[in-house]
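Trainee: when you get a sec, could you give me coordinates for this:
(2 chains)
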Protein chains: 2
Amino acid sequence: MTDTPETTPDTALVRPEARSPRGFGDKRGRDLIAERRIVAKVSEVYERWGFEPLETPAFEYVDALGKFLPDTDRPNEGVLALQDDDDQWMALRYDLTAPLARFAAQNWETLPKPFRRYAFGPVWRNEKPGPGRFREFWQCDADTVGSDRPEADAEIIAMASAGLRAAGLAEGQAVIRVSNRKLFDGLFDAGGVTDPAQRLTALRAVDKFDRLGWEGVSALLGEGRLDESGDYTKGAKLPLGVAATIEAFLASAGDAALSRAETLEAVARAGGLGAAGEAALEELAGIDAALKAMGVDQASVKFDPTIVRGLEYYTGAVFEAELLLETKDDKGRPMRFGSIGGGGRYDDLVARFTGQSTPATGFSFGVSRLASALRAAGRADASVRGPVVVIVFSQDDMQSYLDAVSELRNAGIPAELYLGRAGMKAQMKYADRRGAPAAVMLGGDEIAAGQVTIKDLDAGRALAAGVADNEAWKAARPGQVTVARSDLVQTIRGIIE
Amino acid sequence: MTDTPETTPDTALVRPEARSPRGFGDKRGRDLIAERRIVAKVSEVYERWGFEPLETPAFEYVDALGKFLPDTDRPNEGVLALQDDDDQWMALRYDLTAPLARFAAQNWETLPKPFRRYAFGPVWRNEKPGPGRFREFWQCDADTVGSDRPEADAEIIAMASAGLRAAGLAEGQAVIRVSNRKLFDGLFDAGGVTDPAQRLTALRAVDKFDRLGWEGVSALLGEGRLDESGDYTKGAKLPLGVAATIEAFLASAGDAALSRAETLEAVARAGGLGAAGEAALEELAGIDAALKAMGVDQASVKFDPTIVRGLEYYTGAVFEAELLLETKDDKGRPMRFGSIGGGGRYDDLVARFTGQSTPATGFSFGVSRLASALRAAGRADASVRGPVVVIVFSQDDMQSYLDAVSELRNAGIPAELYLGRAGMKAQMKYADRRGAPAAVMLGGDEIAAGQVTIKDLDAGRALAAGVADNEAWKAARPGQVTVARSDLVQTIRGIIE
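Mentor: Presented below is the predicted three-dimensional model:
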């Protein structure tokens, strides 16, 4: 509430509706705390790995984002853009990579090179909002700009794995799958598949392996496929040799027992990879050597030649982090949770500004999506504990209430005084809504006797939830106790610890 | 780097300039770390005081912000606004209070009441950018909605004071000055000063007391004032009785020896306060009683009847936090640093939506401004320590380098491997730019001998800065040592601790 632009009270005559714009939401309580915890834990890991924090502004010039629609003078619809007073278009960042490219190009001379940075914060997409689909969400990225070494890719992968672990995913709950864009490039080149549309159809088919299995994918790589609903999808009509290599890719990807080196051998045996494919294998071998030297085990990071990472700007290695859990969909059917983050090597983004190709590699995850993954993996700390609430009986005893609040806070226990004007019953309801572990009651009698009554609201909740309904437990947690005033902090500690 | 809207590579043919939009900047290193530290420390205090975190989106509908220009259908120029696909105008929040009012109105039925929340994050103002004047900056707010008790104001004030302390300001480096809007309201009502323009002129004059002293202010409260440059400013032409009371206000504000209760007595003695002024005194007395009960000393929080807090939406108590330091301006002249935050009671913001007056009170500060204040007060931790850098000599010894990096990280010491392809000299320059405390060298000879050479870059910087230029110090910090490989962590600890 510092100085603000002047308000125009005239318009207050018509009462506005209290609602957020479509696709934007408020965050509080459990969800917010879980997301902040993820960001804090991951940041700690990234800083220990030598990545420095960077914060770029919300806005970039649209030309710097590369988000103009072809043949128009307006930004494309995927971004939220506005025209500045000087008529230049600026847009809210839609990811954290484009601003990094702008920053690196702008400061290249003075940056330590290679430049490692991590960043987190909101990004904005002007997409059609829907259930669970927001136009503002948090990403967390780490990138190394200026290193072409496979060790740089390996470091990003190993650090991403360490970050997921620090965020709360246990060993075996997630895997990072790694491949290289040039594998398919080389395969298509060598096999004479030059039409970009044909390549795209083939890659889309590979992406459906999970759902369709080899038979379905095989049809889509060949003539085409009639699905159960009777719809016909035209196939990529690949040469048989190319399709056979892709079958070998899929077989190696499906074999969980293969080590990274064994997967590379299987891919090499499939043959027909061309020069680019052979280069890809060499880069992956370099990444494997570095991962081994870093002590990254075979289960946490696997090679998988079917990883493609969409139609993006990647030019070499690509990574995808996946939650290894079957979760249930809305109808209770088992479903794969799928990707929780990804990244790869992109050597052309900085060149947009400087004209010079600059090697770069990075990993990114959506903070809300990782929070969902942690919930699905049973690793979310679901409890949000409110402060201890001190009940107000009489204005005359305010000093006693405030003393109790201060004493608790000084002991590091979040505590507050009820500040409304309602009676005892409403105050108890308030304490419950706040998620208070306990309510502290200092009535006139208690104050006179040097005592305090403490209501164990955590115990009440446990009983109500039926999680602790037995006599021994009830005897240990009597629900309400009156103790010496000097035992306040100790008694509360007994409840919250 | 997750899925992004499709890029349009066609436009990359013309290279864009790498720059941020006017009034927007990047943050890294020392400044970013200092600001994050402030937010973390203050958040910790606010949560211990029972304030829950809340995050509202960047955008609000413009009607909810109350930011339409009168007589037009466009938002005013102070906000960054855009028209959504459904033609509704939405704008980036310009503070954190308006979104809180919207949130509280929207969720009033289910919120625990009173509702305490804190929030931090960027806000956006569409102002003319200039040196040190940004269109995006971080605020940090705490508010209690739904309590009309003076204890609620006192709590906000005491917590703000505790927050400033936690952020790093020492005892005596800051003061929070408190007054009540209704003091002047009552004074003007009782003195027959009904013209809003006349009231405004008088309040502006009071605001200039620092600069003009009583003589200047007195002229501006009366007929008017001719300043040194020959410009004449028309005065408020207040009745003499009203001006006399204001003089008493200023006298009490200037007397640092007065306790809060004594200031209230001085104001009461000044007389002519009317019904609203008497109510203001009563509210301030209630705040003083609560502050005393909370153990808030007379030096940290003072009453000052001249505090007005601009032309804002406050309806009762107003607070202003001030840095108690003379700093120097650009020309080396002493200047007061001035306000580092403020707030007050506002009972009408939620009513904009609901039609029902809802008592609310809060405090806000700008995060960058507080960081500047800490620097001015000599309380900023100026050092940004980079990671330890492990030098690369030969690809063959990568395992040895990576082992050293892992060992340091596992000991909690930020560390990284140089990932470029430059030689020794460039790597040392890199380590220096990174702010590395030390460089770790594992040449072939060292590896063979089970040793490691450590270059003490911190010592080198201290020598270069001339802060440690004596023989005893040089003997203790020899600049470079070769030790047993097993002493790596211990030797690095000796440098950074």
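Trainee: for A:Leu281, what is the enclosing helix or strand?
Mentor: helix A:274-293 (DSSP states H and E).
Trainee: check which residues of that helix are buried.
Mentor: Of the residues in helix A:274-293, those scored as buried under the neighbour-count criterion (16 or more other CB atoms under 10 Å in any protein chain shown) are A:274, A:276-277, A:279-281, A:283-293. C-beta: built from backbone N, CA, C; applies to glycine.
Trainee: other residues contacting the helix or strand following it?
Mentor: Scanning the chain past helix A:274-293 towards its C-terminal end, the next helix or strand to appear is strand A:301-303 (assignment: DSSP H and E). Defining contact as CB atoms under 8 Å, 6 or more residues apart in numbering or on different chains, one finds that strand A:301-303 is touched by A:157-158, A:161, A:175-179, A:256, A:258, A:260, A:263-264, A:267, A:284, A:288, A:291.
Trainee: could you pick out the buried ones from the residues you listed?
Mentor: A:157-158, A:161, A:175-179, A:258, A:260, A:263-264, A:267, A:284, A:288, A:291.
Trainee: among the contacts of strand A:301-303, which lie within helices?
Mentor: Under the assignment DSSP state H, those contribute A:157-158, A:161, A:260, A:263-264, A:267, A:284, A:288, A:291 to helices.
Trainee: CA atoms only: put the helix or strand of chain A with the lowest mean pLDDT into CSV for me.
Mentor: For chain A, scoring each helix and strand by mean pLDDT, DSSP states H and E identifies helix A:471-476 as the least confident one, at a mean of 75. Provided in CSV are the C-alpha atoms of helix A:471-476 (Å, rounded to 0.1, in the frame of the first residue of the first chain):
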residue,chain,number,x,y,z
GLU,A,471,-8.6,-45.8,24.1
ALA,A,472,-4.9,-45.7,24.6
TRP,A,473,-4.5,-42.9,22.1
LYS,A,474,-7.3,-41.0,23.7
ALA,A,475,-5.7,-41.4,27.1
ALA,A,476,-2.4,-40.0,25.7
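Trainee: tell me which strands the helix or strand that that helix is followed by pairs with, and in which orientation.
Mentor: With elements assigned by DSSP H and E, the helix or strand that comes after helix A:471-476 is strand A:480-484. Strand A:480-484 sits in its sheet next to strand A:451-456 (antiparallel), going by DSSP bridges.
Trainee: any idea of the mean pLDDT for the helix or strand following the partner strand?
Mentor: Toward the C-terminus, strand A:451-456 is succeeded by helix A:457-464 as the next helix or strand (DSSP H and E). For helix A:457-464, mean pLDDT rounds to 84.
Trainee: tell me what helix A:457-464 is packed against?
Mentor: Using 3 or more CB pairs under 8 Å, 6 or more residues apart in numbering or on different chains; DSSP states H and E as the contact criterion, the secondary-structure elements in contact with helix A:457-464 are helix A:424-433, strand A:438-441, helix A:488-496.
Trainee: which of those is buried the deepest?
Mentor: Burial among these, expressed as mean neighbours by mean count of other CB atoms under 10 Å in any protein chain shown, is greatest for strand A:438-441, which shows a mean of 25.
Trainee: list the contacts of the residue of the stretch 251-400 of chain A found nearest chain B.
Mentor: For the stretch 251-400 of chain A, the residue positioned closest to chain B under CB to the nearest CB is A:Pro387, at a distance of 3.7 Å. For A:Pro387, the contacting residues are A:413-416, A:434, A:436, B:48-50, by CB under 8 Å, 6+ apart.
Trainee: among those residues, name the ones in strands.
Mentor: When the contacts of A:Pro387 are checked against strands using DSSP state E, the ones located there are A:415-416.
Trainee: dump the contacts of A:Pro387 into CSV; add neighbour count, pLDDT and distance to B:Arg15 as well.
Mentor: Listed next are the contacts of A:Pro387 as CSV, based on neighbours: other CB atoms under 10 Å in any protein chain shown; pLDDT from 0 to 100; distance: CB to CB, whole Å:
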residue, neighbour count, pLDDT, distance to B:Arg15
A:Ile413, 19, 95, 58
A:Pro414, 21, 95, 53
A:Ala415, 26, 96, 58
A:Glu416, 24, 96, 57
A:Arg434, 23, 92, 56
A:Ala436, 26, 95, 59
B:Arg48, 21, 95, 52
B:Trp49, 23, 96, 52
B:Gly50, 26, 95, 54
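Trainee: of the contacts of A:Pro387, just say which sits nearest to B:Pro21.
Mentor: The nearest member of those to B:Pro21, counting by CB to CB, is B:Trp49 at 37.7 Å.
Trainee: hmm, the closest one is touching A:Glu416, no?
Mentor: Yes. At 6.5 Å, B:Trp49 and A:Glu416 qualify as touching, with contact defined as CB atoms under 8 Å.
Trainee: now list whatever residues contact both of these two.
Mentor: A:387, B:116.
Trainee: A:Gly213 and A:Leu187: what is the separation?
Mentor: 21 Å (CB to CB, to the nearest Å).
Trainee: who has more neighbours, the two?
Mentor: A:Leu187 (28 against 12; other CB atoms under 10 Å in any protein chain shown).
Trainee: stretch A:130-142 near chain B anywhere?
Mentor: Yes. Using CB under 8 Å from any CB of the partner chain as the criterion, contacts between stretch A:130-142 and chain B involve A:136, A:139, A:141.
Trainee: out of those, who's the most crowded?
Mentor: Using other CB under 10 Å as the neighbour criterion, A:Asp141 leads these with 26 neighbours.
Trainee: did I read that right, that residue in a strand?
Mentor: Yes. Assessed by DSSP: H, G, I helix; E, B strand; the rest coil, A:Asp141 belongs to a strand.
Trainee: isn't it up against A:Val123?
Mentor: No. Under the criterion of CB under 8 Å, A:Asp141 makes no contact with A:Val123, lying 9.7 Å away.
Trainee: name the residues contacting each of these two.
Mentor: A:95-96.
Trainee: for A:Thr245, see how far away A:Ser252 is.
Mentor: Distance check for A:Ser252 against A:Thr245: by CB to CB, it reads 11 Å.
Trainee: would whatever helix or strand A:Phe353 lives in count as contacting chain B?
Mentor: A:Phe353 is part of helix A:351-354 when elements are defined by DSSP H and E. Yes. Part of helix A:351-354 sits close enough to chain B to count as contact by CB under 8 Å from any CB, namely A:352-354.
Trainee: got any ranges where the stretch 51-200 of chain A has weak pLDDT?
Mentor: The stretch 51-200 of chain A contains residues with pLDDT under 70 at A:68-73.
Trainee: can you give me the strands for it?
Mentor: In order along the chain, the stretch 51-200 of chain A carries the following strands (DSSP state E, counting those that start in this stretch): A:52-55, A:59-61, A:81-83, A:89-92, A:115-124, A:136-145, A:174-180.
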